[in-house]
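A.B. asks: quick one: sequence and predicted model below, then my questions.
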Amino acid sequence: MVENQPSQSRKEPKWRILAQVSENIYILCSTSDGYVRYAPMYIHSFRLIAPRRLLEAQLFNQQYQNYEDIPNVPDRLRWCRHHMGLMQKEVADLIGITRGHYIDFEVGYVDHYPKEIVDKLAALYQVPVDDLLDDYNRFLYKGQGKMIREYRESLGLKKKPFARLLKLDPGTLRCWENDEKRMFKDSWEKYFKDIIKV
């Protein structure tokens, strides 16, 4: 019986980079059997999306056919992120906050969207800032003190009579109007939602 001897495999040529033509294109060079060979190499790069995330994005996009159909800020944020192919952590890194903080915006766990974060999100997603503000946050974004003062002056009232009209502590009104304290959403809804149009 003759044993099969493994055939001597031909030595594969070793390729090396001869030159970089552009960011993704290289020229390779190999020498074997007295011949010099050249070959182009193009490096493709693309984002891998985990199947679960891809399914989440598809289901979300079926819910809203157009960006204009989205009625609330958290879903607009999610829609923009999905359409840019970004993960929550990537968005958080790009705007300089933690992933958990960004998730709070996307899920609607927070009432207040700070101006500097809204500005960064609008720039990243290339949408108008106003699209990322509900009425309460629009009131804060435009300047709560300025909005209160303009409304009070339109009634021709000084601070104390205005506070009495609202049945509000004058010190609290002064702090809000001077932007010393941010007004919470429940206070805005109680005192200003229906009278100050934003």
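C.D. replies: Yep, it's here.

A.B. asks: other residues contacting stretch 139-153?
C.D. replies: 112, 115, 118, 129, 133, 159, 162, 173, 176-179, 182-183, 188, 192, 195-196, 198 (CB atoms under 8 Å, 6 or more residues apart in numbering). (Glycine included, C-beta is placed from N, CA and C.)

A.B. asks: next: stretch 109-126.
C.D. replies: Taking CB under 8 Å, 6+ apart as the rule, stretch 109-126 contacts 73, 77, 80-81, 84, 91, 94-97, 103-105, 128-129, 131-133, 136-137, 140-141, 182, 184-185.

A.B. asks: and Gly100, how far from Glu106?
C.D. replies: 11 Å (CB to CB, to the nearest Å).

A.B. asks: cool, Pro40 as well?
C.D. replies: In terms of CB to CB, Pro40 sits 43 Å off from Glu106.

A.B. asks: so these two - more neighbours on which side?
C.D. replies: Legend: neighbour count by other CB atoms under 10 Å for Pro40 and Glu106, higher for Glu106 (18 against 9).

A.B. asks: name the helix or strand for that one, please.
C.D. replies: Per DSSP states H and E: Glu106 is located in helix 99-107.

A.B. asks: what angle sits between the helix or strand following that helix and helix 99-107?
C.D. replies: Per DSSP H and E, the first helix or strand lying C-terminal to helix 99-107 is helix 115-125. When axes from the mean of the first three to the mean of the last three CA atoms, to 10 degrees is applied, the directions of helix 115-125 and helix 99-107 differ by 80 degrees.

A.B. asks: how far off centre is helix 115-125?
C.D. replies: Centre-to-centre, helix 115-125 and its host chain are 7 Å apart (CA atoms, centre = their mean, to the nearest Å).

A.B. asks: again, but for stretch 135-150
C.D. replies: The answer for stretch 135-150 is 23 Å, by CA atoms, centre = their mean.
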